[in-house]
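> Any chance you could fold what I've pasted below:
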Amino acid sequence: MRGVVVCIVGASLVAAHAQQPLQAGGSGCFGIGVNWVQVGELSRQLQNAGYGELRSWMVGIGGGGMGRIQRWLIGGEGYGLVEQKAAAMGKEARLSGGYGFFTLGYTVAEPAGVSLALLGGIGGGSLGLSLVRDSTMGFGELLANPAGAVELRTGGWLLQAGVVAEAVFARGLLLTVRAGWILPLGWSGFEIGDRAVAGAPKATLGGAYVRVGIGGSSPRRWMRDGD
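This is a model prediction of the structure:
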């Protein structure tokens with residue numbers, strides 16, 4: 001999650017810098033949407049071990065910013081995935097995660113105040129899995145046998161490709177809709193600390209995403225090329 005926060009801060013700085021007089025403009029927004037995740041094998045192993053079932057999608061919340069130079073867009077974004085739980089038979093699995101991207105785009109059309117652009121991005125992300133025993137334990141018992149909960153993590157590089165539609169209303173109010181696909185690179189099975197867990201299933205952030213956003217745009221954001 002630290003990388004997600006850094007990405008959001010960086011994106012905000014990019015958008016702020018883009019609003020200086022020598023630039024065409026900038027924008028920033030808060031977004032919420034759905035990310036599909038590849039957790040089928042993980043979910044099957046959890047169910048076989050007496051846990052509940054994991055969904056193949058997770059809610060993502062975050063934001064980002066874009067600077068614009070003529071039709072080119074440059075910026076960044078970061079999103080955290082809302083934790084989902086799979087509980088059954090006195091056991092509980094909790095899956096959470098997050099990701100961030102440096103993004104580059106190109107505006108292909110601007111009909112009547114609506115901007116349509118193609119986006120690409122490179123970044124990274126991670127998924128965290130907590131396995132919790134549903135029982136109350138004393139601190140002394142945990143010290144003697146620290147098996148009340150296990151924390152596992154996996155992650156790697158990410159690429160994305162997508163499209164974005166943005167509409168600007170009075171006083172720079174910005175509404176956006178995004179959709180695209182995230183491709184994981186170099187992800188492996190879950191680890192505890194820096195040690196691989198033998199037989200751990202592979203789970204990734206790869207898949208489609210759809211989200212909406214609300215934010216603000218500088219007045220010069222929508223100047224036509226050459227103005």
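
> and the nearest residue to residue 75 once chain neighbours are set aside, how many residues sit next to it?
Nearest residue to residue 75 in three dimensions, chain neighbours excluded: residue 66, at 3.8 Å (C-beta to C-beta, 6 or more residues apart in numbering). The C-beta positions use only the backbone N, C-alpha and C, and glycine is treated the same way. Counted with other C-beta atoms under 10 Å, residues neighbouring residue 66 total 30.

> tell me which element residue 66 is part of?
Using DSSP states H and E, residue 66 sits within strand 57-69.

> Mind listing the strands that strand pairs with, and their directions?
With DSSP bridges as the test, strand 57-69 is paired with strand 25-36 (antiparallel), strand 72-88 (antiparallel).

> Among the ones you listed, which comes closest to residue 154?
strand 72-88 (13.1 Å; C-beta to C-beta).

> Could you measure from residue 155 over to residue 168?
Between residue 155 and residue 168 the computed distance is 36 Å (C-beta to C-beta, to the nearest Å).

> Please look at the residue nearest to residue 75 and residue 105 and confirm they touch.
Yes: contact criterion C-beta atoms under 8 Å: residue 66 and residue 105 qualify, at 7.4 Å.

> partner residues bridging the residue sitting nearest the centre point of the chain?
Most central in the chain under C-alpha atoms, centre = their mean is residue 79, positioned 3.4 Å from the mean C-alpha point. Beta-bridge pairing of residue 79 under DSSP bridges involves residue 62, residue 99.

> Now the strand holding residue 66: buried residues?
The neighbour-count check on strand 57-69 (16 or more other C-beta atoms under 10 Å) flags 57-60, 62-68 as buried.

> chain center to it: distance?
Centroid separation for strand 57-69 versus its chain: 8 Å, with C-alpha atoms, centre = their mean, to the nearest Å.

> can you dump the C-alpha coordinates of it into CSV?
The C-alpha trace of strand 57-69 is given here as CSV (Å, rounded to 0.1, in the frame of the first residue of the first chain):
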residue,chain,number,x,y,z
TRP,A,57,-13.6,-9.2,-8.4
MET,A,58,-12.7,-6.5,-5.8
VAL,A,59,-13.6,-2.9,-5.2
GLY,A,60,-10.9,-0.4,-5.9
ILE,A,61,-10.7,3.1,-4.3
GLY,A,62,-8.1,5.7,-5.1
GLY,A,63,-7.3,8.5,-7.5
GLY,A,64,-4.7,10.2,-9.6
GLY,A,65,-3.9,13.1,-11.8
MET,A,66,-3.1,14.0,-15.4
GLY,A,67,-1.2,16.8,-17.0
ARG,A,68,-1.9,17.7,-20.6
ILE,A,69,0.4,19.1,-23.4
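
> Rounded mean pLDDT for that strand, please.
For strand 57-69, mean pLDDT rounds to 94.

> and what of stretch 113-120?
91.

> which parts of that stretch are buried?
Of all the residues in stretch 113-120, those buried under the rule 16+ other C-beta under 10 Å are 115, 117, 119.

> so of those, which ones are in helices?
If you go by DSSP state H, these have nothing in helices.

> show me where the chain has helices.
For the chain, the helices defined by DSSP H occupy 2-18, 40-48, 139-144.
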